[in-house]
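J.: Have a look at this prediction, sequence included:
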Amino acid sequence: MARGQRKSIDEKITAKQELIEALLTRVESEKRELEELCQEKKRKELETVSDLIEETGLSPEEVAGVLQQYLENRNEMVS
């Protein structure tokens, strides 16, 4: 069975370079999309915490104090 014309080594090199460039572009695009998704997740988590703070009527400083006390108690129990 006859095969098509073989590519020269220079053509193969050029094709690989183009493929690599296309893949690098795709990776960068995917990284940007991942970063956007992570930021969106963080915003939603912060909204949840903010809503909880608002519902409890505590100030952010009070919430920070309660969390700090919780962490200290937890660390004492682990030790």
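T.: Nice, thanks for sending it over. Just so it is clear, the structure is predicted and the values come from calculations on it, not from any experiment. Numbering: from 1, shown residues only.
J.: When you work out contacts or count neighbours from here on, use the C-alpha atoms and nothing else.
T.: OK.
J.: any idea of the mean pLDDT in the helix or strand harbouring Q17?
T.: Per DSSP states H and E: Q17 is located in helix 9-56. Average pLDDT, helix 9-56: 97.
J.: Which SSE is immediately downstream of it?
T.: helix 60-78.
J.: okay, that following helix in PDB with CA atoms only?
T.: Provided in PDB are the C-alpha atoms of helix 60-78 (Å, rounded to 0.1, in the frame of the first residue of the first chain):
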ATOM      1  CA  PRO A  60     -16.400  40.600  63.300                       C
ATOM      2  CA  GLU A  61     -14.100  41.200  66.300                       C
ATOM      3  CA  GLU A  62     -16.300  39.100  68.500                       C
ATOM      4  CA  VAL A  63     -16.300  36.300  66.000                       C
ATOM      5  CA  ALA A  64     -12.500  36.400  65.700                       C
ATOM      6  CA  GLY A  65     -12.300  36.200  69.500                       C
ATOM      7  CA  VAL A  66     -14.600  33.200  69.600                       C
ATOM      8  CA  LEU A  67     -12.600  31.500  66.900                       C
ATOM      9  CA  GLN A  68      -9.400  32.200  68.600                       C
ATOM     10  CA  GLN A  69     -10.700  30.800  71.900                       C
ATOM     11  CA  TYR A  70     -11.900  27.700  70.000                       C
ATOM     12  CA  LEU A  71      -8.500  27.100  68.400                       C
ATOM     13  CA  GLU A  72      -6.700  27.500  71.800                       C
ATOM     14  CA  ASN A  73      -9.100  25.000  73.400                       C
ATOM     15  CA  ARG A  74      -8.700  22.600  70.500                       C
ATOM     16  CA  ASN A  75      -4.900  22.900  70.700                       C
ATOM     17  CA  GLU A  76      -5.000  22.200  74.500                       C
ATOM     18  CA  MET A  77      -7.000  19.100  73.900                       C
ATOM     19  CA  VAL A  78      -4.600  17.800  71.200                       C
END
